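J.: Provide a 3D model corresponding to the input given below.
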Amino acid sequence: MPRPIRFPRRPMWRPCAALVAASLALVSASGTLSAQQPASPSLVVFITVDQMRADYLDRFADQFTGGLKRLKAEGGVFTRAMHDHAITETAPGHATTMSGRFPVHTGITYNAAGVNTPDAPLIAGGVGEGAAPTKFRGTTLTDWMRAKDPAMRFVSVSRKDRGAILPIGRTKGDVYWWAPGLFTTSTYYGDTLPTWVQQFNAERGWMQLAGKSWDLLLPAASYSEPDSVPAEAQGGQFMFPYRAPRDSATLARIFFGTPMMDSLSLALALRAVSVKELGAAPRRSDLLAVSLSSTDAVGHKFGPDSREIHDQLLRLDRSLGAFFDSLFVLRDPRRVTVVLTGDHGMSPLPEFHSGRFANQGASRVDAGAVLAALDTSLRARGVPPAAWNFEAGVWFVLDRAPFTRAGVSVDSVARALASRMLTITNVARSDLFSDLAKADTTRDQLARRWLHMFAPGGEAILATSLKPYSLWWTTPNAGHGMPYDDDAHVPLIFWGQGVRPGRYTQPVRTVDIAPTLARLLGVTPTERLDGRVLSPVLRAGGSSRRR
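T.: So this is what the prediction gives:
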């Protein structure tokens, strides 16, 4: 067997000499190298790492040498940041951070209720479901920035459609995500791709991976995790190296699951900074949103205590380091603010007990028989299956009319269903939202997080919570989405212009990010927010001096 070729230790892109020269000219012309510090940053870079557990920052810290090391050492680090909602999935997480509002107010409550719609098909040959923010309610930081300065510019980039769309909200503009083989967008945003995105796609940088392998970045002795866990990858390959196919069509389909997807996303983001001149104007604040999803793909397949996730985090650190090095050639770092967080955390495989998590006794919980019995009973009384749904632990009544015509009480059915759910192994609670509304939410964390998802009196009738570390039977690998801290606890770091470095141990929520950035930028939210300003991390007067 031929020796596998390692992934490059640096990302696949570097700014060429002409680009560096042009960027230096831009910096000089805009005056951003002057010693005088402006009140607001010229560029906010908002980075969401999909499925980033907070403990990764400390767990792998000794081996970080790049962007994560820089942010952690020089930024304002909140060690107890939580998504304070129950369904800790990608769509609600991304909708929460830049809106400052819980899912109950954004309308984005779980992935299936996120962005996909046939009404906004992909353009430029993109293959996949159409996507648009039509289900999103309200505004985001982008809207508040644009209300203050209509000339502000933004670009949002992600591997996932929901990762690119939801941080921006309903505003139309430069929003791009990966379809196999290219970055694209949907008809919600335009009919054609801009020339610069077309040129980026034509370079086919992802093909540099063809025939190469993902092998360990560091010597094997640098990893404490075993490389022989059959529970990983659903019984498929679970040991290094992972060879990429040479065939372009096959590689395009599987590329999203490799660490190189992050590098490619950051390359497009850097191209956007240059071409769109983000952060180049001395009196304008622009926004770059980047969602990086390789950690999510690797984490789902192998779990949060795998050797693969360890190596992925090391590569993410290096990719971010190279991105910042290149960005700070294009833009004066004294005029940049960076925020990094995660859209949710992660729980381990129920079948694997590494000793890192107290997941002994966890299982995949199968409610199929209970739901089938409910369906049979309701059909017999004239209530069709289309009138209700079960998703992410929630029983929804989509249409009450059939229940009313059949003389069936929704409340009575929900209470009966709750009783049946509680007979299933590893179900912790099953609560009607009408009962959760009466709970003391300062003491009852589950009640609070469920009420931050759905308001009583709506379609959501019953919430069933599993015991920690257990997963619904519909999750085939490692997963997330539960209302516990393993899935809710994420990193939160502010760095750069206007930020007071330090380590902050007070509890905070991800809904606090948007109002904090709004205060830093001097913009006013146009609606009531659930979050609050994290004043301790902000320097008075917006000074950007760092340690």
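J.: make it CA atoms for all contacts and neighbour counts henceforth
T.: Fine.
J.: Just say helix, strand or coil for L266.
T.: Three-state call for L266 (DSSP: H, G, I helix; E, B strand; the rest coil): helix.
J.: next one: stretch 388-404 to chain centre, how far?
T.: For stretch 388-404, the gap between its own C-alpha mean and the chain's C-alpha mean amounts to 28 Å (CA atoms, centre = their mean, to the nearest Å).
J.: C-alpha coordinates for it, PDB please?
T.: C-alpha atoms of stretch 388-404 as PDB (Å, rounded to 0.1, in the frame of the first residue of the first chain):
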ATOM      1  CA  TRP A 388     -49.700  16.100  14.000                       C
ATOM      2  CA  ASN A 389     -45.900  15.600  14.000                       C
ATOM      3  CA  PHE A 390     -43.100  14.500  16.400                       C
ATOM      4  CA  GLU A 391     -39.700  16.200  15.900                       C
ATOM      5  CA  ALA A 392     -36.700  16.700  18.100                       C
ATOM      6  CA  GLY A 393     -38.600  15.400  21.200                       C
ATOM      7  CA  VAL A 394     -41.600  17.700  20.600                       C
ATOM      8  CA  TRP A 395     -45.200  16.600  19.800                       C
ATOM      9  CA  PHE A 396     -46.700  19.200  17.500                       C
ATOM     10  CA  VAL A 397     -50.400  19.600  16.600                       C
ATOM     11  CA  LEU A 398     -50.300  21.200  13.100                       C
ATOM     12  CA  ASP A 399     -54.100  21.300  12.600                       C
ATOM     13  CA  ARG A 400     -56.500  21.300  15.500                       C
ATOM     14  CA  ALA A 401     -59.600  21.100  13.300                       C
ATOM     15  CA  PRO A 402     -59.600  17.300  12.900                       C
ATOM     16  CA  PHE A 403     -59.200  16.900  16.600                       C
ATOM     17  CA  THR A 404     -62.200  19.200  17.200                       C
END
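J.: Which positions in it come out as buried?
T.: By 16 or more other CA atoms under 10 Å, the buried positions in stretch 388-404 come out as W388, A392, G393, V394, W395, F396, V397, P402, F403.
J.: Same question for stretch 58-69.
T.: Under 16+ other CA under 10 Å, the buried positions of stretch 58-69 are F60, A61, F64, G66, G67, L68, K69.
J.: separation between I309 and L57?
T.: Distance of I309 to L57, given as CA to CA, to the nearest Å: 13 Å.
J.: Which one of these two is surrounded by more residues?
T.: Taking other CA atoms under 10 Å, I309 and L57 do not tie; I309 has more neighbours (24 against 19).
J.: What's the first helix or strand after the helix or strand hosting that one?
T.: Using DSSP states H and E, I309 maps to helix 307-330. Note on helix 307-330: by DSSP H and E, the next helix or strand toward the C-terminus is strand 336-342.
J.: What pairs with the helix or strand following that following strand, parallel or antiparallel?
T.: For strand 336-342, the following helix or strand on the C-terminal side (DSSP H and E) is strand 364-365. According to DSSP bridges, strand 364-365 forms sheet pairs with strand 471-472 (parallel).
J.: Rounded mean pLDDT for the partner strand, please.
T.: In this model, strand 471-472 carries a mean pLDDT of 97.
J.: next one: stretch 210-217
T.: 96.
J.: try stretch 486-498
T.: The model assigns stretch 486-498 a mean pLDDT of 98.
J.: State the number of residues packed around Y188.
T.: So Y188, with other CA under 10 Å, has 21 neighbours.
J.: and the residue nearest to it when sequence neighbours are not counted, how many neighbours does it have?
T.: Among residues not flanking Y188 along the chain, A120 sits closest, at 5.5 Å (CA to CA, 6 or more residues apart in numbering). Other residues near A120 come to 20 when the count uses other CA under 10 Å.
J.: Please spell out which residues along stretch 462-477 are buried.
T.: Neighbour-count burial for stretch 462-477 [16+ other CA under 10 Å]: L462, A463, T464, S465, L466, K467, P468, Y469, S470, L471, W472, N477.
J.: so how far is the first residue of it from its last?
T.: 25 Å.
J.: and that stretch, how far out from the chain's middle?
T.: Distance, stretch centre to chain centre, for stretch 462-477: 20 Å (CA atoms, centre = their mean).
J.: List of residues touching it?
T.: The contact list for stretch 462-477, computed with CA atoms under 8 Å, 6 or more residues apart in numbering, reads 232-234, 300-303, 347-350, 359, 362-367, 392-396, 414, 418, 421, 426-433, 450, 479-480, 482-484.
J.: what's near enough to touch E89?
T.: Y110, N111, D343, H344, H480, G481.
J.: element containing F183?
T.: Using DSSP H and E, the element containing F183 is strand 182-184.
J.: typo on my end, A202
T.: A202 belongs to helix 195-203 when elements are defined using DSSP H and E.
J.: With just CA atoms, put that helix into CSV.
T.: Provided in CSV are the C-alpha atoms of helix 195-203 (Å, rounded to 0.1, in the frame of the first residue of the first chain):
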residue,chain,number,x,y,z
THR,A,195,-17.8,37.3,-11.1
TRP,A,196,-15.5,37.0,-8.1
VAL,A,197,-17.3,33.9,-6.8
GLN,A,198,-17.4,32.4,-10.3
GLN,A,199,-13.7,32.9,-10.5
PHE,A,200,-13.1,31.3,-7.1
ASN,A,201,-15.2,28.3,-8.1
ALA,A,202,-13.3,28.0,-11.4
GLU,A,203,-10.1,27.6,-9.5
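J.: what about L288, which SS state?
T.: strand.
J.: Could you give the number of residues near it?
T.: 22.
J.: That one and A131, how far apart?
T.: L288 is 20 Å from A131, by CA to CA.
J.: wouldn't the residue nearest to Y188 be in contact with G128 here?
T.: No - judged on CA atoms under 8 Å, A120 makes no contact with G128 at a distance of 11.1 Å.
J.: any shared contact partners between those two?
T.: Common contacts of A120 and G128 (CA under 8 Å, 6+ apart): none found.
J.: Report the contact partners of N201.
T.: G181, L182, F183 are the contacts of N201 under CA under 8 Å, 6+ apart.
J.: now those residues as JSON lines including distance to S377, pLDDT and neighbour count?
T.: Conversion of the contacts of N201 to JSON lines gives the following (distance: CA to CA, whole Å; pLDDT from 0 to 100; neighbours: other CA atoms under 10 Å):
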{"residue": "G181", "distance to S377": "47", "pLDDT": "95", "neighbour count": "24"}
{"residue": "L182", "distance to S377": "48", "pLDDT": "97", "neighbour count": "22"}
{"residue": "F183", "distance to S377": "47", "pLDDT": "98", "neighbour count": "25"}
